[in-house]
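Enquirer: Here's my sequence, what's the structure:
(2 chains)
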Amino acid sequence: MSVIAESIADLPPTDSFLSMSLSVPADIEKEIDERITHYPVSRRSAVLPVLHILQRHFRFLSEDAVSWTAAKLGLEPIQVLEVVTFYPGFRQEAPGKVHIRVCRTLSCAMAGSYELLDNLCQAAGIDASRMGHHHPFAVSKDGRFSIEFVECLASCGSAPVCLVEDELHERVSPETAPDLLARYS
Amino acid sequence: MSNVTYISGKEPHSREHRLIFRNIDRKGYDPGLKCYLKDGGYEQLKKAVTMEPKAITDEVKAAGLRGRGGAGFPTGLKWTFIPPTNTKPVYLICNADESEPGTFKDRYIMHQDPHQLLEGMAIACYAVGAKLAYIYVREEFPHAARILEEAIAEATKAGFLGKGICGSTFDLELYVHRGAGAYICGEETGLIESLEGKRPYPRIKPPFFPAVLGLYMSPTIVNNVESLCHVKHILAMGGAEYAKLGTPNNTGTRILCVSGDVQKPGYFEVQVGKVTLGEVIQDLCGGLKPGRKLQAVIPGGSSAKVLRADERFKLKRGDEMVEIGLEDIPMDFDSLAACGSMAGSGGVIIIDDSRKISWVLNNINSFYAHESCGQCTPCREGSLWMKKISDRIVAGKASPDDVATLESVANNIEGKTICAFGEACSWPTQSFIRKFREELVADTREELAGVPVNHETTLAAANLKN
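Expert: The predicted structure follows:
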């Protein structure tokens, strides 16, 4: 046996080694198991739905969540990680208690979404200069809010719009940003 | 339609012809099954399962239905691409990844009339022989996903989905699959990769035409939400009767989504080609804002080539060529194509003279730079460079040569990528430069010609917001 082969043989089996540190409540795991049955042809197809459920519960996807998902679906962790890092809908850092997504694209921008973003950041005490390609959202100092500038939310007729958690807010005039936050305080 | 009343202030415009949106904003209408059944719901599915599957496809072909997602490909013809010798399972996917900027129609169908979509899908599945189907809903529609899942549960319980549908031998399992915020998942092969649990890198065609090698390497039909809803109405009316709506080769109704600089933006279901762009702006949307003049229109989602307000177009009317202005363009697939743009997804964005063209183009370029999947080099690199150069123009830090550089980047993406995103991201730049070159050059500075550019420092102090 070569040195490399020996050192590999010393490692614990992949799934137990990787999934140890994420504690998934029984009801969440049950929901995940049910969701996997929606994909009778390939378990791998359940990667996105499993990640959605984990992100809803844990608020973001940690390395442990990636490993747990991989073990659950019989995949290599990289096959899950490459999905997490690709899709803007998955987060690898904790957002605020209330996550706000403001639409940036043309019709909303024409209706004032850049001002809306600025006003929301100001009202929430968020330093927007920290937002960028590698940090798509920024969190307020008190952790109550996080704000992200996202691409078209497909509600251009009622621009500008933003998603606060799962709630779509339409025709949000930039001046009303503090009122919007107050509804979630 | 006379027996239908609508919520006050949300009544359809008199120019509208509502089939798909008949129940949208309808007074007292809810997304439940009971409500749907009161109005003849699932009657077409009951009829469908007694028909030969091929007869349904023939009706859809006779109806002349063209896909409402963007490409306008004939739906019935797409269904016939499944190889006749196929022995593998067939899948159907409803593309509900509505993300083309300017488009907002499918969201209302899913939120307010989900059973219409389920019935259309079940009929389509029966026609193509699919026993497993998915609705790929974009992640930003969490309520739509929930409403659809409730509707699926109700329909299954009532025998409209599941085993032995409507007393026949037809079985169908139908599930909702949520995306995760990536525009490229609207491209059908990218969508399939995503549904397989991977990064949504589009597949190369050939050989991966979905109808031959789609989901799990099996024949797969991918249709837009609106297209699938039309199937129900085609069956109800008969293909030939449906084809009388609209104009030849541009049949039926379609939902126009109008946004931007108009008094009353919104959605309007009209007969295809029976309304002109001028009528859309003036009649349906109540005209431009006071004191404003029209500058440009993006007629079919942000990927569609821009039309300039004072442009003249040559269109065939019968045997004659006529010259028309922008306001006289009929809103149909063929006319918009003849005018050098496309009907696309039905998203019409109106731009008035208060907007700086460089800012509009930059906003669009930022979108595509963010959404390029990164698989093909010309698009991955080019979309980002198009954004950077237009950033520079907006910031007043560009030299006049930059406009030509921008154009050359776009020209080197178009036609050189695996999927149509390459065209989608280069057409705005190409058309904006071709039609608004002077406006763009006016935003550049002669004295910067030949000065080396450090992108980061050039833009550090720039305000790109307006």
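Enquirer: can you list the residues of the stretch 101-250 of chain B near chain A?
Expert: Within reach of chain A by CB under 8 Å from any CB of the partner chain, the stretch 101-250 of chain B has these residues: B:101-104, B:106-107, B:132, B:138-143, B:173, B:175, B:177-183, B:194-200, B:215-216. All C-beta spots, glycine's among them, are computed from the backbone N, C-alpha and C.
Enquirer: Pull out the buried members of those.
Expert: Among these, those classed as buried by 16 or more other CB atoms under 10 Å in any protein chain shown are B:101-104, B:106-107, B:132, B:138-142, B:173, B:175, B:177-183, B:194-200, B:215-216.
Enquirer: element containing B:E439, please.
Expert: Element membership for B:E439 (DSSP states H and E) is helix B:421-442.
Enquirer: What of B:L174?
Expert: With DSSP H and E as the criterion, the answer for B:L174 is strand B:173-178.
Enquirer: quick one: secondary structure of the residue nearest to B:G190 when sequence neighbours are not counted?
Expert: Excluding the flanking residues, the one nearest B:G190 by CB to CB, 6 or more residues apart in numbering or on different chains is B:P200, at 3.8 Å. Following DSSP: H, G, I helix; E, B strand; the rest coil, we place B:P200 in the coil state.
Enquirer: List the contacts of B:P200.
Expert: A:F86, B:A182, B:I184, B:C185, B:E187, B:G190, B:L191, B:E193, B:S194, B:C373 (CB atoms under 8 Å, 6 or more residues apart in numbering or on different chains).
Enquirer: How many neighbouring residues does the nearest residue to B:Q263 once chain neighbours are set aside have?
Expert: Once flanking residues are discounted, B:Q263 sits nearest to B:G286: 3.6 Å by CB to CB, 6+ apart. Using other CB atoms under 10 Å in any protein chain shown, B:G286 is surrounded by 14 other residues.
Enquirer: domains for chain A, by residue range?
Expert: A:3-86, A:98-182 (automatic domain parsing).
Enquirer: isn't A:V80 right up against A:V47?
Expert: Yes: between A:V80 and A:V47 there is a contact at 6.0 Å, judged by CB atoms under 8 Å.
Enquirer: any shared contact partners between these two?
Expert: Once CB under 8 Å, 6+ apart is applied, the residues that A:V80 and A:V47 both contact turn out to be A:T69, A:L73.
Enquirer: After the lowest-mean-pLDDT helix or strand in chain A, heading C-terminal, what element do we hit next?
Expert: Lowest on mean pLDDT, DSSP states H and E among the helices and strands of chain A sits helix A:14-19, with a mean of 48. Using DSSP H and E, the helix or strand that follows helix A:14-19 in sequence is helix A:26-36.
Enquirer: Show me where chain A has its strands.
Expert: A:98-103, A:137-139, A:145-150, A:162-164, A:167-169 (DSSP state E).
Enquirer: tell me the angle of the third one relative to strand A:98-103?
Expert: Looking back up the chat, that one is strand A:145-150. Here the directions of strand A:145-150 and strand A:98-103 differ by 20 degrees (axes from the mean of the first three to the mean of the last three CA atoms, to 10 degrees).
Enquirer: And chain B, is strand A:145-150 touching that?
Expert: Yes: using CB under 8 Å from any CB, we find that strand A:145-150 touches chain B at A:V150.
Enquirer: Just read off the phi/psi values of the residue nearest the centre of chain B.
Expert: Among the residues of chain B, the one closest to the centroid is B:S345, at 2.6 Å (CA atoms, centre = their mean). The phi/psi pair for B:S345 (degrees, to the nearest 10) reads phi -100, psi 0.
Enquirer: and it, what is it in contact with?
Expert: With CB under 8 Å, 6+ apart, B:S345 has these contacts: B:R68, B:G69, B:G70, B:E98, B:E100, B:G102, B:T103, B:C257, B:G300, B:G301.
Enquirer: Only whichever of the residues you listed are buried, select them in PyMOL.
Expert: Applied in PyMOL, the following selects the buried portion of these according to 16+ other CB under 10 Å:
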select buried, chain B and resi 68+69+70+98+100+102+103+257+300+301
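Enquirer: how many neighbours does B:G238 have?
Expert: The number of residues near B:G238, taken as other CB under 10 Å, comes to 13.
Enquirer: Return the residues in contact with it.
Expert: So B:G238 contacts B:E59, B:A62 (CB under 8 Å, 6+ apart).
Enquirer: name the element B:E323 belongs to?
Expert: Counting by DSSP H and E, B:E323 is part of strand B:320-325.
Enquirer: now that strand: mean pLDDT?
Expert: Mean pLDDT, strand B:320-325: 95.
Enquirer: Repeat that for stretch A:40-58.
Expert: Here the average pLDDT along stretch A:40-58 is 98.
Enquirer: buried residues in that stretch?
Expert: A:43-55, A:58.
Enquirer: quick one: it to chain centroid distance?
Expert: On the basis of CA atoms, centre = their mean, to the nearest Å, stretch A:40-58 sits 13 Å off its chain's mean C-alpha point.
Enquirer: Let me know whether that stretch sits next to chain B.
Expert: Yes: interface with chain B: stretch A:40-58 contributes A:P40, A:V41, A:S42, A:R44, A:S45, A:A46, A:V47, A:L48, A:P49, A:L51, A:H52 (CB under 8 Å from any CB).
Enquirer: and the angle for the one helix or strand B:T156 maps to with strand B:173-178?
Expert: Element membership for B:T156 (DSSP H and E) is helix B:142-157. Angle, helix B:142-157 to strand B:173-178, by the same axes, to 10 degrees: 170 degrees.
Enquirer: domains in chain B, as residue ranges please.
Expert: B:33-244, B:252-352, B:357-460.
Enquirer: if you average pLDDT over each of those domains, which comes out lowest?
Expert: Among those, domain B:357-460 scores lowest, with a mean of 93.
Enquirer: still on that earlier bit, check which helices and strands the helix holding B:E439 sits against.
Expert: In terms of contacts (3 or more CB pairs under 8 Å, 6 or more residues apart in numbering or on different chains; DSSP states H and E), helix B:421-442 is packed against strand B:294-298, strand B:307-308, helix B:357-371, helix B:377-394, helix B:401-411.
Enquirer: Measure how far the first one is from the centre of its chain, please.
Expert: Put plainly, it is strand B:294-298. On CA atoms, centre = their mean, the centre of strand B:294-298 falls 19 Å from the chain's centre.
Enquirer: What residues of that strand count as buried?
Expert: B:L294, B:Q295, B:A296, B:V297, B:I298.
Enquirer: Adding distance to chain A, write these out as CSV.
Expert: Below are the buried residues of strand B:294-298 laid out as CSV (distance: CB to the nearest CB, whole Å):
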residue, distance to chain A
B:L294, 14
B:Q295, 12
B:A296, 12
B:V297, 12
B:I298, 8
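Enquirer: Would you mind getting the angle between the strand holding B:L174 and helix A:26-36?
Expert: 120 degrees.
Enquirer: Now strand B:173-178 - C-alpha only, CSV.
Expert: This file holds the C-alpha atoms of strand B:173-178, laid out as CSV (Å, rounded to 0.1, in the frame of the first residue of the first chain):
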residue,chain,number,x,y,z
GLU,B,173,-47.2,12.8,-11.4
LEU,B,174,-46.7,16.6,-11.3
TYR,B,175,-44.3,18.5,-9.0
VAL,B,176,-43.1,22.0,-8.4
HIS,B,177,-39.4,22.6,-8.6
ARG,B,178,-38.0,25.9,-7.4
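Enquirer: Beyond it, next helix or strand please.
Expert: helix B:188-195.
Enquirer: by contact count, what packs against that following helix?
Expert: By 3+ CB pairs under 8 Å, 6+ apart, helix B:188-195 packs against strand B:90-96, strand B:130-137, strand B:220-224.
Enquirer: So which of the ones you listed is nearest A:H169?
Expert: Of all these, it is strand B:130-137 that lies closest to A:H169, at 19.8 Å by CB to CB.
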